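*Asks:* everything below, folded, please.
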Amino acid sequence: MLLLPISFAAAQETPSKKAEKRRESIGAGKILFMQHCASCHSADAKGAGPAALALKTQPPDLTVLAKRNHGKFPYDEVVKAIGGDVEVPAHGSREMPTWGPLFLALADLNARKAENLTTNLTEYIKSIQVK
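*Replies:* Purely as a prediction, here's the structure:
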């Protein structure tokens with residue numbers, strides 16, 4: 001009987017801890033976005049950053065990825081595009097830097113930490129989708 005209140009309290013904490021962890025991930029992702037993506041995609045992620053004029057292909061509006069995908073955020077595709085695992089046709093011959101190798105270097109070659117950076121960036125992009 002004593003364990004029931006403890007397990008109930010633990011169950012109540014889980015959603016709030018999960019929400020806090022997601023907020024932290026989004027915050028960290030926003031910092032990464034501003035450092036590595038905003039120059040092309042712009043601070044508002046709509047694709048009109050200061051470096052965009054120098055590119056052959058205009059960077060896409062990252063706020064409408066879910067809208068263009070029938071309302072579902074293409075999480076795995078975004079992770080792959082960030083990591084350089086797939087070539088995005090609009091990027092032509094790698095106009096967009098692939099951040100996977102850079103994140104690996106930033107994480108002192110720790111693959112798990114590098115994956116976390118990619119997750120944070122993806123969570124941030126997911127958080128800015130238009131409804």
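*Asks:* ok, and the closest non-adjacent residue to residue 125?
*Replies:* What sits nearest to residue 125 in space, not counting adjacent residues and going by CB to CB, 6 or more residues apart in numbering, is residue 62, at 5.5 Å. Every residue, glycine included, has its C-beta placed from N, CA and C.
*Asks:* can you get me a residue count around that neighbour?
*Replies:* Other residues lying near residue 62 total 20 when counted by other CB atoms under 10 Å.
*Asks:* now swap in residue 71 and tell me
*Replies:* Residue 71 sits with 9 neighbouring residues when counted by other CB under 10 Å.
*Asks:* same check on the one 3 residues further on?
*Replies:* Applying other CB under 10 Å, we find 16 residues neighbouring residue 74.
*Asks:* related to what we said a few turns ago, so the residue nearest to residue 125 touches residue 45, yeah?
*Replies:* Yes. Contact between residue 62 and residue 45 holds when scored by CB atoms under 8 Å: they sit 4.1 Å apart.
*Asks:* which neighbours do these two have in common?
*Replies:* Between them, residue 62 and residue 45 share the neighbouring residues 125, 128, with contact defined by CB atoms under 8 Å, 6 or more residues apart in numbering.
*Asks:* right, I'll leave it there.
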